[in-house]
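>>> Everything below, folded, please.
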Amino acid sequence: MNRFLYSIVFYLATPLLILRLLWRSIRSPAYLQRWSERFAFYSSSGSSSSRQETPVVFHAVSVGEVHAAVPLIRQLQGLNPDLTILVTTSTPTGSGRVTELLGDKVRHVYLPYDTPGAIKRFLDYFCPKVFVIMETELWPNLIHHCHTRDIKVVLANARLSGKSFSNYKKIPGLARTMLQELTRVTVQSPHDSERLLALGLSPEKVNVTGSIKFDMACDEQQIQGAKQDRQTFASRPVLVAASTRTADGVVEDEKVLAAFRILLEAYPDLLLVLVPRHPERFTRVFELAVEKGFNVARRSTDSSPAQEHQVYLGDTMGEMQYYLALADIVFVGGSLVPTGCQNIIEPAALGLPVITGPSLFNFQAVSELLLAAQAMQVIQNEQELAGAVSDLLASKERRESMGRAAREVVQANQGATEKNLGLIDGLLNRNI
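Predicted structure coming up:
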């Protein structure tokens with residue numbers, strides 16, 4: 001497939017994209033808003049029709065990528081105080097995090113769909129000099145039209161799973177052309193570099209910098225708040241199930257609750273802090289836990305769980321470090337369903353023992369480091385999850401050993417943000 005055929009297919013698929021927005025809006029009404037931005041018609045969304053020149057654009061598809069981009073953006077603004085930055089996302093949750101973390105310090109819109117017309121309107125309107133794509137969002141028309149306008153395109157903190165590699169191999173011509181039009185690429189691991197090179201990326205364009213997510217900043221306010229709240233149930237062990245997901249009809253929360261029921265037989269005071277990944281699932285997961293017979297408190301309505309509560313539902317956004325800081329043990333979701341696990345660096349940075357399921361492709365390189373350091377354990381199902389948690393609850397020494405090893409892995413792999421910052425600032429100021 002070449003880019004011309006790809007564009008035709010994308011145009012033909014536009015009605016399906018609209019239907020997808022409508023379908024997703026059933027659970028998340030925010031998907032009904034700001035459609036004009038998705039087609040790069042900014043005057044109809046309340047903006048002026050004149051250009052809004054923005055030297056740097058960061059694209060962060062959703063929450064995880066936003067969190068990775070924020071330290072880069074803040075430090076780049078520190079080096080260039082008058083710099084105007086645009087942050088684009090693709091999801092309402094990502095959009096919300098941009099607003100919460102960066103406010104009016106940046107501009108923000110949704111990235112338009114990857115049709116030639118929308119991309120040209122977008123570039124005409126914002127006129128960037130440097131376009132930074134976080135992690136894996138490769139769009140052929142976006143990259144091509146940036147290239148033809150001499151806009152420097154950086155794929156930052158890149159990762160490429162085995163599944164994505166196989167998919168790109170099915171469209172070798174399109175993938176190779178797209179990668180050759182990138183200006184620079186920073187990758188999380190040598191494995192990512194090897195896959196990108198095999199697809200056609202030029203060796204001189206790639207740098208292995210490690211993952212920016214190792215440089216996460218601890219939110220001391222959230223951590224101290226959790227420690228204070230933990231005092232109200234200090235005698236209870238706490239299992240946090242972070243960022244649980246659903247996929248292919250499999251509800252990860254059901255597996256976690258099944259494991260939790262087994263654990264209650266030996267540890268009747270155990271508290272489960274259950275944190276679904278997506279806000280549109282909060283109410284359904286609450287109902288699920290109640291249906292399973294558990295006494296549930298909700299973070300959004302209860303300041304902290306009482307003694308009679310067995311499950312504490314983390315139904316707020318932007319408080320993951322608070323929830324993690326409550327934990328003795330953390331299970332990271334997205335790993336017992338085939339979506340690739342969510343962020344395993346966050347609990348590791350807090351010195352917590354980490355348990356995951358087998359689906360790890362989103363953090364493959366990081367998981368290998370944690371496993372090699374004996375800081376993480378992989379289980380296959382809810383029965384093994386119950387067994388792994390039980391073994392850790394029985395051994396404070398092992399919990400502390402895994403937590404120390406996890407923190408050491410994070411500390412040993414920091415520094416990617418500074419490397420990426422130097423590259424982006426150099427391109428912006430024409431030093432590279």
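>>> can you tell me which residues contact the residue nearest the centre of the chain?
By CA atoms, centre = their mean, the mean C-alpha position of the chain lies nearest to residue 64, the distance being 1.9 Å. Applying CB atoms under 8 Å, 6 or more residues apart in numbering to residue 64 gives the contacts 135, 342, 343. The C-beta positions use only the backbone N, C-alpha and C, and glycine is treated the same way.
>>> any weak-confidence spans in the chain?
Along the chain, segments meeting pLDDT under 70 span 1, 44-50, 431-432.
>>> what's the longest helix in it?
Taking DSSP state H as the criterion, the chain has its longest helix at helix 3-25.
>>> hang on, the earlier thing: am I right that the residue nearest to the centre of the chain falls within a strand?
No. Read with DSSP: H, G, I helix; E, B strand; the rest coil, residue 64 is helix and lies in no strand.
>>> Name the nearest residue to residue 278, ignoring sequence neighbours.
residue 93 (6.9 Å; CB to CB, 6 or more residues apart in numbering).
>>> and the one you found, how many residues sit next to it?
19 (other CB atoms under 10 Å).
>>> just residue 426 next, same as before
Residues near residue 426, counting by other CB under 10 Å: 14.
>>> Who are the packing partners of the helix or strand encompassing it?
Secondary structure from DSSP states H and E places residue 426 in helix 416-428. Packing partners of helix 416-428 (3 or more CB pairs under 8 Å, 6 or more residues apart in numbering; DSSP states H and E): helix 63-79, strand 130-134, strand 152-158, strand 184-187.
>>> list the buried ones in the longest one?
Buried positions in helix 63-79, judged by neighbour count with 16 or more other CB atoms under 10 Å: 63-77.
>>> Just the buried residues of stretch 78-90, please?
83, 84, 85, 86, 87, 88, 89, 90.
>>> so where does the residue nearest to residue 278 fall, helix or strand?
helix 92-102.
>>> can you list contacts of that helix?
Taking CB under 8 Å, 6+ apart as the rule, helix 92-102 contacts 28, 30-31, 33, 60-63, 65-67, 70, 73, 87, 89, 106, 108, 110, 278-279, 317-318.
>>> With stretch 197-212 instead?
68, 71-72, 156-157, 159, 165, 168-169, 172, 175-177, 179-180, 182-190, 192-193, 196, 345, 365-366, 413-417, 419-420, 423.
>>> Type out the PyMOL command that picks the buried ones from the residues you listed.
To isolate the buried ones among the contacts of stretch 197-212 in PyMOL, judged by 16+ other CB under 10 Å, type:
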select buried, resi 68+71+72+156+157+159+165+168+175+177+179+182+183+184+185+186+187+188+189+192+193+196+345+365+366+413+414+416+417+419+420+423
